[in-house]
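>>> give me a 3D structure for the following:
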Amino acid sequence: MSEKNSIVAPIPGVFYRKPSPDQDVYVQEGQIVKPGDTVGMIEVMKNFYEIKAEEEGIIERFVVESEELVDAGQEIAIIQKK
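Alright, predicted model coming up:
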């Protein structure tokens, strides 16, 4: 059985899976990510902060939807370690 970890929000704000409304999502569920890969961003008062993967693995699923409010420490996605 593979180990699973969470990607969590470092700050409260609005979570986005896309860099802008007319672009594709940063990563799809099932996609492999490496440390430093952007998986989303959080907007706080018109400032945008990239959320990056901290380890290599496969994005199993996103726990929150795009444009959903998140709190600091809230789980955003589940990553299955390789």
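>>> and stretch 41-54, how far from the chain's centre?
9 Å (CA atoms, centre = their mean, to the nearest Å).
>>> what sits up against that stretch?
The contact list for stretch 41-54 (CB atoms under 8 Å, 6 or more residues apart in numbering) reads 7, 9-16, 19, 26, 33-40, 70, 76, 79. Bear in mind the C-beta positions are built from the backbone N, C-alpha and C, glycine included.
>>> buried among those residues? Need that as a selection in PyMOL.
The PyMOL selection below is limited to those of the contacts of stretch 41-54 classed as buried (16 or more other CB atoms under 10 Å):
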select buried, resi 7+9+13+15+16+26+33+37+39+40+70+76+79
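>>> quick one: residue 13 and residue 70 touch, right?
Yes: in this structure, residue 13 is within contact of residue 70 by CB atoms under 8 Å, at 6.6 Å.
>>> what's the closest non-adjacent residue to residue 70?
Leaving aside its chain neighbours, residue 70 sits nearest to residue 9 (4.3 Å; criterion: CB to CB, 6 or more residues apart in numbering).
>>> and residue 18, by the same measure?
That would be residue 25: by CB to CB, 6+ apart, it lies 5.3 Å from residue 18.
>>> and that neighbour, how close does it get to residue 72?
According to CB to CB, to the nearest Å, residue 25 stands 23 Å off from residue 72.
>>> the more surrounded of these two?
residue 25 (15 against 11; other CB atoms under 10 Å).
>>> where does that one fall, secondary structure wise?
For residue 25, there is no helix or strand it lies in under DSSP states H and E.
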